[in-house]
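>>> Structure, please.
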Amino acid sequence: MAVDMNMNVLIVDDYKTMLRIIENLLKQLGFRNVLQATDGSMALKVLRENQVGLIVSDWNMQPMTGLQLLKEVRADNALKPLPFIMITAESKTENVIAAKEAGVNNYIVKPFNAETLKQKIAAVLGAF
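Purely as a prediction, here's the structure:
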């Protein structure tokens with residue numbers, strides 16, 4: 001099954017430069033519709049108002065962390081099945097375990113490039 005390059009991809013990061021970088025990488029990979037949120041609560045609002053096919057979220061955000069956002073998504077029956085990729089600057093084992101336990105689909109450690117992002121998305125959504 002091919003990945004739908006027209007689906008909405010939501011990227012969540014409280015650092016505007018990082019949002020721009022991730023959006024550019026996604027566009028390089030062929031995704032056409034990228035939505036942005038600067039924190040977890042804004043992300044939930046976007047998710048409830050739009051059909052989203054993939055969430056790519058930073059771990060370290062205020063006031064709601066990426067892990068808290070992930071838990072909120074997994075607790076919501078309508079959002080629960082959404083593929084969720086977490087991005088973090090730290091590869092601490094306990095963070096990876098916490099994210100896995102909360103239901104993350106994949107994990108990316110910064111810094112990363114388009115190829116890494118493509119591999120992680122392919123692992124979650126299938127080859128494209």
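
>>> residue nearest the centroid of this structure?
In the chain, the C-alpha nearest the mean C-alpha coordinate belongs to Val56, at 1.1 Å (Cα atoms, centre = their mean).

>>> What residues of stretch 35-50 count as buried?
By neighbour count, and taking 16 or more other Cβ atoms under 10 Å as the criterion, the buried residues in stretch 35-50 are 35-37, 39-40, 42-44, 46-47. In short, each C-beta sits where N, CA and C put it, glycine included.

>>> How about stretch 84-100?
Residues of stretch 84-100 classed as buried under the neighbour-count rule (16+ other Cβ under 10 Å) are 84-88, 95-96, 98-99.

>>> what's the answer for stretch 69-83, then?
By neighbour count on 16+ other Cβ under 10 Å, the buried set for stretch 69-83 is 69-74, 79, 82-83.

>>> For that stretch, C-alpha coordinates in PDB please.
Once non-C-alpha atoms are left out, stretch 69-83 reads as follows in PDB (Å, rounded to 0.1, in the frame of the first residue of the first chain):
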ATOM      1  CA  LEU A  69       0.600  14.800  23.900                       C
ATOM      2  CA  LEU A  70       1.200  11.200  23.000                       C
ATOM      3  CA  LYS A  71      -0.700  10.000  26.100                       C
ATOM      4  CA  GLU A  72      -3.600  12.400  25.300                       C
ATOM      5  CA  VAL A  73      -3.800  11.100  21.700                       C
ATOM      6  CA  ARG A  74      -3.700   7.400  22.800                       C
ATOM      7  CA  ALA A  75      -6.500   8.100  25.400                       C
ATOM      8  CA  ASP A  76      -8.800   9.600  22.700                       C
ATOM      9  CA  ASN A  77     -10.600   6.900  20.700                       C
ATOM     10  CA  ALA A  78     -10.900   9.000  17.600                       C
ATOM     11  CA  LEU A  79      -7.100   9.900  17.600                       C
ATOM     12  CA  LYS A  80      -5.800   6.600  19.100                       C
ATOM     13  CA  PRO A  81      -4.900   4.800  15.800                       C
ATOM     14  CA  LEU A  82      -2.800   7.800  14.500                       C
ATOM     15  CA  PRO A  83       0.800   7.000  13.800                       C
END
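
>>> Fine by me, we can end here.
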